[in-house]
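Asks: show me how the following folds:
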Amino acid sequence: MLLRMVVGAIFISHGWQKLCDVPGTIVAFRALGIPVPAIAAYVAITAEFFGGLGLLLGALTPVAALGPAFAMAFAICFAQGGAGLLAASNGWEYPLILLLICLYLATHGAGAYSVDSLFLADQPRRFRRRHRHVAASS
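Replies: Residues are numbered from 1 along each chain as shown. Next up, the predicted model:
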């Protein structure tokens, strides 16, 4: 839960930064050689901000995690791909870690303490699991 929430907050902050300076984001994307930088900027903002919000809350986590995962894949390819691994030389180790965390969350879900577990879980099975001791003593 803590990892999911922290990664979600990181993506929200990055998406918010881009949203607060859309023209600057477009210029930066153009300088990086990202195709169709105006559209890519809005896609990145949506993926990072709303994907991060989904991760923070644990809401529709498999879907929410895919946006930031794709954003990190593009960051590796276009922004840090040629700089090597280490972050000290503007490398791709940080986006790679975030990408792998997002892929893990996309495949494993949000966990027990999330909006997903409240609304998407099988209610009877969840009830039995939490109250197993009551059923065993009956």
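
Asks: quick one: low-confidence parts of this structure?
Replies: Residue ranges of the chain with pLDDT under 70: 81, 121-138.

Asks: longest helix in this structure, please.
Replies: Secondary structure assigned by DSSP state H gives helix 37-57 as the longest helix of the chain.

Asks: what does stretch 99-112 rub up against?
Replies: Here stretch 99-112 makes contact (C-beta atoms under 8 Å, 6 or more residues apart in numbering) with 1, 3-4, 7, 51, 55, 58-59, 61-63, 65-66, 68-69, 72-73, 76, 116-117. Where C-beta positions appear, they are placed from N, C-alpha and C, glycine not excepted.

Asks: helices of this protein, residue ranges please.
Replies: Counting by DSSP H, the chain has helices at residues 2-20, 22-32, 37-57, 61-64, 66-74, 93-108, 115-119, 123-130, 132-137.

Asks: which of these sits most buried?
Replies: For the helices of the chain, the largest average neighbour count (mean count of other C-beta atoms under 10 Å) is found in helix 66-74, namely a mean of 22.

Asks: what helices or strands is that helix leaning on?
Replies: Counting contacts by 3 or more C-beta pairs under 8 Å, 6 or more residues apart in numbering; DSSP states H and E, helix 66-74 packs against helix 2-20, helix 37-57, helix 93-108.
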